[in-house]
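>>> Prediction below, plus the sequence it came from.
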2 protein chains.
Amino acid sequence: MERVTIRDVAAAAGVSYQTVSRVLNDKPDVADETRRRVWQVIEELGYQPSAVARSLVFKKTHTLGLITADFSDYFFTQVIIGAEVEARRSGYFFLLGSTERNPADEPEYLRLLTERQVDGILFARPSTEGDSEHLVSLVRQGVPLVTTAYYIPGEELMVVDVDNLEGGLQATNCLIQAGHRRIGMISGPASWKSADDRARGYRLALEQAGVALNESFIERADWSLQGGYEAMKRLLNRVPELTALFAQNDWIAIGAMKALREAGRRLPDDVAIVGYDDLPVAAYTDPPLTTIHQPMQEVGQLAARLLIQSVEDPDMEREEVLLKPELVRRGSCGS
Amino acid sequence: MERVTIRDVAAAAGVSYQTVSRVLNDKPDVADETRRRVWQVIEELGYQPSAVARSLVFKKTHTLGLITADFSDYFFTQVIIGAEVEARRSGYFFLLGSTERNPADEPEYLRLLTERQVDGILFARPSTEGDSEHLVSLVRQGVPLVTTAYYIPGEELMVVDVDNLEGGLQATNCLIQAGHRRIGMISGPASWKSADDRARGYRLALEQAGVALNESFIERADWSLQGGYEAMKRLLNRVPELTALFAQNDWIAIGAMKALREAGRRLPDDVAIVGYDDLPVAAYTDPPLTTIHQPMQEVGQLAARLLIQSVEDPDMEREEVLLKPELVRRGSCGS
DNA sequence: GTGAAAGCGCTAACAT
DNA sequence: ATGTTAGCGCTTTCAC
């Protein structure tokens, strides 16, 4: 099928193709009659302007690159949903780049995206250690870039995130207020900034409550169900006297709950739990999981908005946004 | 930052810009010495060819459109992961179009995607009733298009899916083999093809086992936890004598489990359950959920491969692929 | 082996 | 109010 071009329309309407361009772009200086005729021919021929040709002229593709590492991760899925909605509203599309299988592909991805002339890049993947050289050079080149929950030490990025310190504080406080003192924590992997921040919240809460910190109460897990399950077993083995647990995400919490059940602990009476993320399933565990809610779609939406702003106004000032998490009380925290 | 073009490279290397083009595209008829010098200048200047300009010349963008309706849906998330991996391997990118918020936007999305000259479209959203006129016209125009789990009655699409009839059969048989006869079902919404097919599997299994079908044993829910919870309450109320349940997805199953727990039923002794999808969390419910596993990433991968094939070979024959689901036995089915 | 010219589909400046 | 010309960055004839 041959593509209908602006020239075909012009020929059919008996005008020059610049006139068609004028009509298309709603420029003045076209007779009403001509305008009408041209529109009619456009309809008849089913003409669609080529975004590619336009991009070439304008040096602007209205396309943004999206880098994500883990599509299955609820947080980033929600971020992407929010970002997509905002992009759509402003006439942008996202070009999808998921480095799921091989994080080492990331520099290559960024190269391909810039080659495709994306107007900016949204970096929607978590911040871990030592993996950011390729990003730094992009930022230095002046490519508009916004990250969500991703930081580069010493580099001033535009980043939108949720306050993890605050979340860790709220989660731990909930358990303290329920009367607990022997509160364990299953943290996310070392080198994840969010895990570190949530842990700082935990420590701070204990300190404020005058509860001595006991390092043996702390375990680590990758963010998975399995990880949480195993970490809980280790924890139960080492410090069976725990009466409460702060799990740094809901999957860990649910995995831990299984380990606790298997160990014969009643929830929340023997062991109270607070999770993190407020997954939809958190309301359906037994007992329902008290957890920290994060405005994830809002993160994505704000990030996209900032990105588009900085695309359209290169002189825009750098911004950093830190949204607030919120404790959602359900049964698992005890009373 | 001014973009470095092929002319800049040519000037710096002291050759004409066609020569640079030749080097870039590895064409013959360039002296080795020239070739080397040009590459060196390319490196020095950090030149990147413009994919936009190339697209204009080749009338090919190496970009595919991706239409999805529900990013949070595990099935489609996994499909997208698989599709993305395959696209990457073949040098394609996906342009993301999520009609999450408003399904009525879909025609507009398709228009925008074709305007952007995508080479083909992957339709990764579920099939419901009466929503396909805009797609038909695309297919008729000859736009390469592959769908996952999406059908249009009377239209021959390329579709990759998992056999839902077979899945429904396996799920129900598992319960029958465990000795159950009063087996309820919570189905997905009417007008969803997958829900309908799974229900047919359920009926077929009962029939084969010589168990009379009782329509009052069947409830409907949207695919959610909440929906499953409420449907189960209705079911318990109406037919408390049920001893088993086929939930058409795992969320429904988990919601139903909550309702059953609240009603004081022990699982799986009082009521056995089989779910569908094999969500990661299915292994961590109490009891662990027996469910139907679907090769979702494979669906995406195959779909992308078919799509790219049909982009690169317009004469390719239409294909339809139906993958097999697999029962995963855990505790919830009873023995 | 290399350069000059044309054209992909479009917009923008400058005619008329 | 409409047409002509040039050019976005690239590839592809076709000369030389």
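All right, it came through fine. Numbers count the residues shown, from 1 in each chain, chains lettered A, B, ... in the order given.
>>> domain parsing for chain A?
Annotated domains of chain A cover A:6-49, A:63-162+A:296-322, A:164-294+A:328-333 [automatic domain parsing].
>>> Is it possible to get TSV of those that adds mean neighbour count, mean pLDDT and distance to DNA strand D?
(C-beta placed from N, C-alpha, C; glycine too.) Shown next, in TSV, are the domains of chain A (neighbours: other CB atoms under 10 Å in any protein chain shown; pLDDT from 0 to 100; distance: least, CB to the nearest atom of the strand, whole Å):
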stretch	mean neighbour count	mean pLDDT	distance to DNA strand D
domain A:6-49	15	89	3
domain A:63-162+A:296-322	20	91	9
domain A:164-294+A:328-333	21	96	38
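>>> wait, which of those is closest to DNA strand C?
Checking these against DNA strand C by CB to the nearest atom of the strand gives domain A:6-49 as the closest, at 3.1 Å.
>>> Output the domains of chain A as JSON lines; include the columns distance to residue B:313.
Shown next, in JSON lines, are the domains of chain A (distance: least, CB to CB, whole Å):
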{"stretch": "domain A:6-49", "distance to residue B:313": "24"}
{"stretch": "domain A:63-162+A:296-322", "distance to residue B:313": "24"}
{"stretch": "domain A:164-294+A:328-333", "distance to residue B:313": "41"}
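>>> For those, please prepare CSV with the additional fields distance to chain B.
Listed next are the domains of chain A as CSV, based on distance: least, CB to the nearest CB, whole Å:
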stretch, distance to chain B
domain A:6-49, 5
domain A:63-162+A:296-322, 4
domain A:164-294+A:328-333, 5
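>>> now for these, which one comes closest to residue B:121?
Closest to residue B:121 of the domains of chain A is domain A:63-162+A:296-322 (CB to CB; 13.1 Å).
>>> looking just at contacts, which helices and strands does the helix or strand containing residue A:64 meet?
Following DSSP states H and E, one finds residue A:64 within strand A:63-68. Applying 3 or more CB pairs under 8 Å, 6 or more residues apart in numbering or on different chains; DSSP states H and E, one finds that strand A:63-68 contacts helix A:74-89, strand A:93-98, helix A:106-115, strand A:120-124, helix A:296-312.
>>> could you redo the last one with a cut-off of 10 Å?
helix A:74-89, strand A:93-98, helix A:106-115, strand A:120-124, strand A:145-148, helix A:296-312, strand B:93-98 (3 or more CB pairs under 10 Å, 6 or more residues apart in numbering or on different chains; DSSP states H and E).
>>> Ok, which of these comes nearest residue A:257?
helix A:74-89 (17.7 Å).
>>> Please compute how far the closest one lies from its chain's middle.
8 Å (CA atoms, centre = their mean, to the nearest Å).
>>> quick one, that helix and strand A:120-124 angle?
160 degrees (axes from the mean of the first three to the mean of the last three CA atoms, to 10 degrees).
>>> Residue B:115: which of the domains of chain A is closest?
So among the domains of chain A, domain A:6-49 is nearest, using CB to CB, at 5.0 Å.
>>> can you list contacts of stretch A:22-32?
A:6, A:9-10, A:13, A:15-16, A:18-21, A:34-39, A:41-42, A:47, A:49, A:54 (CB atoms under 10 Å, 6 or more residues apart in numbering or on different chains).
>>> among the residues you listed, which are in reach of DNA strand C?
A:6, A:18, A:21, A:49, A:54 (CB under 7 Å from any atom of the strand).
>>> Check the last one and give its pLDDT.
In this case it means residue A:54. Listed pLDDT for residue A:54 reads 95.
>>> Show me what counts as buried in the helix or strand hosting it.
Per DSSP H and E: residue A:54 is located in helix A:51-58. Neighbour-count burial for helix A:51-58, with 16 or more other CB atoms under 10 Å in any protein chain shown as criterion, is recorded at A:51, A:52, A:54, A:55, A:56.
>>> do that helix and chain B meet at all?
Yes: with CB under 10 Å from any CB of the partner chain as the criterion, chain B is reached by helix A:51-58 at A:51, A:52, A:53, A:54, A:55, A:56, A:57, A:58.
>>> name the helices or strands packed onto that helix?
Using 3+ CB pairs under 10 Å, 6+ apart: helix A:51-58 touches helix B:51-58, helix B:106-115.
>>> CA atoms only for it, dumped as CSV, please.
Coordinates of each C-alpha in helix A:51-58 appear next as CSV, following Å, rounded to 0.1, in the frame of the first residue of the first chain:
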residue,chain,number,x,y,z
ALA,A,51,5.4,12.2,11.9
VAL,A,52,8.9,11.1,10.7
ALA,A,53,9.1,13.8,8.1
ARG,A,54,7.9,16.3,10.6
SER,A,55,10.5,15.1,13.1
LEU,A,56,13.2,15.7,10.6
VAL,A,57,12.2,19.2,10.0
PHE,A,58,11.5,20.2,13.6
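>>> List of residues touching that helix?
Against helix A:51-58 from outside (CB under 10 Å, 6+ apart): A:5-6, A:24-25, A:50, A:60-63, A:93, A:116-117, A:119, B:50-61, B:63, B:112-118.
>>> Also compute the angle for it relative to helix B:51-58, please.
Using the same axes, to 10 degrees: helix A:51-58 against helix B:51-58 is 130 degrees.
>>> so helix A:51-58 versus strand A:63-68, what angle?
Using the same axes, to 10 degrees: helix A:51-58 against strand A:63-68 is 110 degrees.
>>> Specify the angle between helix A:51-58 and strand A:93-98 in degrees.
100 degrees.
>>> Hmm, residue A:190 is touching residue A:219, no?
No: using CB atoms under 10 Å, residue A:190 is not in contact with residue A:219; the gap is 11.7 Å.
>>> where exactly do the helices run in chain A?
Using DSSP state H, the helices of chain A run over A:6-13, A:17-24, A:32-45, A:51-58, A:74-89, A:106-115, A:133-141, A:164-177, A:193-208, A:225-238, A:250-262, A:296-312.
>>> of all the helices and strands packed on strand A:63-68, which lies closest to residue A:234?
helix A:74-89 (25.1 Å).
>>> who's in contact with residue A:236?
A:184, A:219, A:242, A:245, A:256, A:259, A:260, A:262, A:263, A:265, A:271.
>>> quick one: the closest residue to DNA strand C within the stretch 51-200 of chain A and residue B:116, what's the gap?
Closest to DNA strand C within the stretch 51-200 of chain A is residue A:53: 3.4 Å, counting by CB to the nearest atom of the strand. Separation of residue A:53 from residue B:116 (CB to CB, to the nearest Å) stands at 11 Å.
>>> surely residue A:235 meets residue A:252?
No: counting by CB under 10 Å, residue A:235 stays clear of residue A:252, with 11.2 Å between them.
>>> Please enumerate the shared neighbours of those two.
A:185, A:186, A:219, A:221, A:245.
>>> which two from those residues end up farthest apart in space?
Pairwise distances across the shared contacts of residue A:235 and residue A:252 peak at 11.7 Å for A:221 and A:245 (criterion: CB to CB).
>>> got any residues that touch both of those two?
With CB under 10 Å, 6+ apart, residue A:221 and residue A:245 have common neighbours A:186, A:228, A:231, A:232, A:235, A:252, A:256.
>>> Verify the stated contact: the first one with residue A:252.
Yes: Residue A:186 is in contact with residue A:252 according to CB under 10 Å; the separation is 5.1 Å.
>>> and for these two, which residues touch both?
A:219, A:220, A:221, A:227, A:228, A:229, A:231, A:232, A:245, A:246, A:273, A:275.
>>> ok, and the closest non-adjacent residue to the last one?
When the adjacent residues along the chain are set aside, residue A:275 lies closest to residue A:253, with 3.4 Å between them (CB to CB, 6 or more residues apart in numbering or on different chains).
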